[in-house]
Structure formats: structure tokens, C-alpha cells
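In: Need coordinates for the following:
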Amino acid sequence: MKLFWSCATIMVGLFFSSITSQGDEIIKLPPPAHQGKMSVEQALKKRRTVRQFAHRGLELSQVSQLLWGMGGVSNRRGLRTAPSAGATYPLEYYLVAGERGISGLAPGVYRYRPDTHTLELTLKGDLRAPVARACLHQMWMAEAPVMVVFAAEFRRCLARYGDRGIRYTHMEVGAASQNLFLQAEALGLAAGIVGAFQDQTLSHTLHLPPQHEPLLILPVGYSP
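Out: All right, here's what the predicted structure looks like:
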């Protein structure tokens, strides 16, 4: 009996260590550039929503630039590239990386940490197809090498602004998603945008914390 419980204890310990170790894997992103080859005006003119992607992966430096442009820290005070009501920053960003989607990065779900400009592995495996199925079976999304999922922890903004914090959070996700669109264009990439999905199914697929409510998804890659 003692041997049985010892083995059971070891197995349970290994099980939980395998879960927690995923969250401990931190990837430091390359520093972003603060000057590019394309003007804001050119990026605005070129920006289009795409729903087809080439079978070509991205470099980690491109992903770094995309995420910083979307909502990264832009000055020493900790302010970010996207405006936020009262600097409450209710948005959370998750990167869904496909198999060979990003050079040198394993497929999985990664949480972007703007304050440290890092990625934290939260879930292993290529989940692009399950995400696309959760988005009412829009399978074109799964062709993109990466997807960026925008989620919100509303209580951060609600604590300061009451119910109006919901509106402010929606304004912020609009600003951050447009940032990502324009940064993608400036890098010679393209993006789609998806707001139609089953909230609970998507949250379950990505193992999002209960307080992180999904709002928007942008698949990103090269145009075919």
C-alpha cells in the first residue's frame, strides 16, 4: 500500500510539474526598431483585410516588431503604443504560433508581456485549426502562421471608471488592432480580422484565465 501511494504521489507530482513548467518558459524578444522603411501614410494606403496567406513562416524579429507596435512599451514611464484610459491597460495579448510558423519558436500559445517584451508559453501545440473552428469554422484563419488574440480583463478599467470602462476597453482594442494592422503593412506582411467566434469555446481552446475575455483575433502572415 505504501508503495502504491508513493508511486501515485510521484505521478501526481510529475503531472502538475508538467503543467506549471509551460508557464515558466519565457522567451525574450529581440529589441524592436523605432524607425522603419514605410511611412504611416503609405501603411494606411496599403492596409487591407486579407483572408488568404502564403505557406511561409515569420522570423522572431518580425513577431517582436508586430507585438511592440501593437501595444508595447514606448517610453521610460511605461506608457504603450496604444492609448489606454487612465493607463489601466485592460488588454491581454495571446500569440497562437503554428507549426513552423515562427523560426526558432515551438508551436503553442504564448502570452505577450509588454512590460518585459517577452513571450510566456501557456500551452503547447499547434492550435490554429481548433481556433478557426471556434470562429464558426473560418478555416482560412488556420493558413496564417500566427494569430494574435486580443482579450480583456475588464475589471482593471471598471475599477476606475465604472461601467464606462467597458466602452473604454473596446476603444483600446480598436486602437491596438489598428496598430497591428499598420505595423504588419510596414513589415511587408498582411493581416485579417475576426470578431465572430464562440466565446466559451475559444477561451477553453486557449486555456484562457476566466477573467481574460476574448474580444478579437488577427491572423498575420504573408499574402499569397
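In: ok, residue 150 - how many residues close by?
Out: 23 (other C-beta atoms under 10 Å). (C-beta placed from N, C-alpha, C; glycine too.)
In: er, residue 195 I mean
Out: Residue 195, neighbours per other C-beta under 10 Å, totals 12.
In: And the most centrally placed residue in the chain, which helix or strand is it part of?
Out: Geometric centre of the chain, nearest residue: residue 94, 2.6 Å, by C-alpha atoms, centre = their mean. Residue 94 is located in strand 91-97, with elements delineated by DSSP states H and E.
In: likewise residue 203?
Out: With DSSP H and E as the test, residue 203 turns up in helix 199-206.
In: Any stretches of the chain with poor pLDDT?
Out: Flagging of the chain using pLDDT under 70 yields the residue ranges 1-24.
In: Show me how far the lengthiest strand in it is from its chain's centre.
Out: Of all the elements of type strand in the chain, the one with the most residues (DSSP state E) is strand 213-221. Averaged C-alpha coordinates place strand 213-221 at 7 Å from its chain's average position (C-alpha atoms, centre = their mean, to the nearest Å).
In: Compute the inter-axis angle for it and strand 91-97.
Out: Interaxial angle of strand 213-221 relative to strand 91-97 (axes from the mean of the first three to the mean of the last three C-alpha atoms, to 10 degrees): 40 degrees.
In: From the contact counts, what lies against strand 213-221?
Out: Here strand 213-221 touches strand 146-152, helix 164-186, strand 190-191, helix 199-206, going by 3 or more C-beta pairs under 8 Å, 6 or more residues apart in numbering; DSSP states H and E.
In: out of these, nearest to residue 102?
Out: strand 146-152 (6.4 Å; C-beta to C-beta).
In: now what about that closest one, what contacts it?
Out: Contact with strand 146-152 is made by 58, 63, 66-67, 70, 90-98, 101-102, 128, 131, 141, 169, 173, 176-177, 180, 202, 206, 208, 212-221, as judged by C-beta atoms under 8 Å, 6 or more residues apart in numbering.
In: Skip ahead from that strand and say which helix or strand is next.
Out: Past strand 146-152, the next helix or strand by DSSP H and E is helix 155-161.
In: Flag every buried residue along that following helix.
Out: 156-158, 161 (16 or more other C-beta atoms under 10 Å).
In: outside of that helix, which residues touch it?
Out: Contacts for helix 155-161 (C-beta under 8 Å, 6+ apart): 85-86, 88-90, 165-166, 168-169, 211.
In: mind redoing it with 6 Å?
Out: Applying C-beta atoms under 6 Å, 6 or more residues apart in numbering, the external contacts of helix 155-161 come out as 85-86, 88, 90, 165, 168-169.
In: How about stretch 97-112?
Out: Outside stretch 97-112, the residues that touch it by C-beta under 6 Å, 6+ apart are 57-60, 63, 67, 93-96, 119-126, 128, 145-146, 206.
In: Check which residues of it are buried.
Out: 97-98, 101-102, 105, 107-112.
In: before we move on, back to that, starting at the chain centroid, how far to the helix holding residue 203?
Out: On C-alpha atoms, centre = their mean, the centre of helix 199-206 falls 14 Å from the chain's centre.
In: Mind giving me the packing neighbours of that helix?
Out: Here helix 199-206 touches helix 128-134, going by 3 or more C-beta pairs under 6 Å, 6 or more residues apart in numbering; DSSP states H and E.
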